[in-house]
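[1] 3D, please:
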Amino acid sequence: MSTTSQLTTYADLFTDLQNRCRVTTGVTATETQAKRYINIALHDFNLGFQYKLPWLERTAQLRTHAPYSTGTVAISVGSNTLTGTSTLWATADSYGENNARTTGKMTLQGTTDIYPITTVTSDTAITLASKYVGSAALSGATYTYFEDTYDLASDFLRPIDFQFFSQAYNIQLIPRDEFRRRFPRPNVQGNPQYACLLDLAPNGSTSPIRRVQFYPYPSTTLIVPYTYVTNAVGVSSAGAALTSLSSDTDEPLIPLRYRHAVVYHALYHWYRDKRDDARSQEAKAEYTDIMLRIVDDQDYGAPTKAHIQ
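    Residues are numbered from 1 along each chain as shown. Reported below is the predicted structural model:
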């Protein structure tokens, strides 16, 4: 650990924690405990303060998928197999995306019902998530394929602006329960005016799936920019974003001048779990003082809206 600079790497942080606790370094069990406390403290450091920590702000953009209605379809009542004629569903468009995808939905001629898509088998075959409930079979019928939900950035934690998803299009961000209440059948197309955030069940991994849903669904292809807070708390020596520190050379995203705060917070956890209440409260007081200074620190261009601390 450097003797002439601020705590920098993961190794600096967990070694300093052990030194402050006056335990022998190099002992595997103790070092593992110190590493765990550093990661807990690092996550706690960011928890609830994201709007005030500019180094966690990110920008991204998504591209919407224009509605598609080429060709005609046929389906029997009680079936979830949709057969197309001249539909080209599995053919890529100008952006290299298929004209129909499993993230999309269908509306069929003569009904306002919305049918999510399970699989796109070919240019002329789609499996719907639910069976067709029309009064009669369809043949040579019109349809509209559309997409109103889109994946957010893989490191998306929460929006920075809780009023607008995108200022570029003035898309208001509203709670999901309000979205469901106001738009129970979101089958209208146009320029998106409202959005809500969705948390979908994991699929193929333990990573959560975060999406945004628009109303009305986009009637054309758009580039929608948005800003958000990243869930990454560290970075590897190769520059890769990390959700936890693991290698000795990993570094937290916290600016160098603030990194010692993580050690004080880890000290609080360490002494608390050891039932050393006096030292625990001393470490907590030191950490609280540093956090108050961070919250009061002003950066040019930082948000100036009033907020509760």
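
[2] use CA for all of it now, contacts and neighbours both
    Fine.

[3] ok, residue 147 to residue 217 distance?
    From residue 147 over to residue 217 the distance is 7 Å, taken as C-alpha to C-alpha, to the nearest Å.

[4] cool, residue 201 as well?
    To residue 217, residue 201 is 22 Å away according to C-alpha to C-alpha.

[5] how about residue 93?
    Residue 93 is 19 Å from residue 217, by C-alpha to C-alpha.

[6] and the two? Which one has more around it.
    Using other C-alpha atoms under 10 Å as the criterion, residue 93 and residue 217 rank with residue 217 on top: 25 against 13.

[7] list the contacts of the more buried one.
    Residues in contact with residue 217 (C-alpha atoms under 8 Å, 6 or more residues apart in numbering) are 146-148, 186-192.

[8] likewise for residue 141?
    Contacts of residue 141 by C-alpha under 8 Å, 6+ apart are 72-74, 108-109.

[9] buried residues, stretch 213-229. List them.
    Applying a neighbour-count criterion of 16 or more other C-alpha atoms under 10 Å, one finds 213-219, 222, 224, 226-229 buried in stretch 213-229.

[10] how far is it from where the chain is centred?
    Put simply, stretch 213-229 sits 15 Å off its chain's centre (C-alpha atoms, centre = their mean, to the nearest Å).

[11] equivalent analysis for stretch 229-236, please.
    12 Å.

[12] over to stretch 211-221?
    18 Å.

[13] what about it, average pLDDT?
    What stretch 211-221 shows for mean pLDDT is 97.

[14] before we move on, the earlier item: just give me the closest of the contacts of residue 141 to residue 205.
    residue 108 (33.5 Å; C-alpha to C-alpha).

[15] contact partners for the residue nearest to that closest one when sequence neighbours are not counted?
    Spatial nearest neighbour of residue 108, excluding adjacent residues (C-alpha to C-alpha, 6 or more residues apart in numbering): residue 143 at 4.5 Å. For residue 143, the contacting residues are 69, 72-73, 106-109, by C-alpha under 8 Å, 6+ apart.

[16] could I get these as a markdown table with neighbour count, pLDDT and secondary structure?
    Below are the contacts of residue 143 laid out as a markdown table (neighbours: other C-alpha atoms under 10 Å; pLDDT from 0 to 100; DSSP: H, G, I helix; E, B strand; the rest coil):
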| residue | neighbour count | pLDDT | secondary structure |
| --- | --- | --- | --- |
| 69 | 18 | 97 | coil |
| 72 | 20 | 98 | strand |
| 73 | 22 | 98 | strand |
| 106 | 22 | 96 | strand |
| 107 | 18 | 97 | strand |
| 108 | 21 | 97 | strand |
| 109 | 17 | 95 | coil |
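
[17] can you redo those residues as TSV with distance to residue 8?
    TSV is the format used below for those (distance: C-alpha to C-alpha, whole Å):
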residue	distance to residue 8
69	56
72	62
73	62
106	53
107	56
108	59
109	62
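
[18] what sits against the residue of the chain most remote from its centre?
    What lies farthest from the middle of the chain is residue 136; by C-alpha atoms, centre = their mean that is 42.1 Å. By C-alpha under 8 Å, 6+ apart, residue 136 lies in contact with 76-77.
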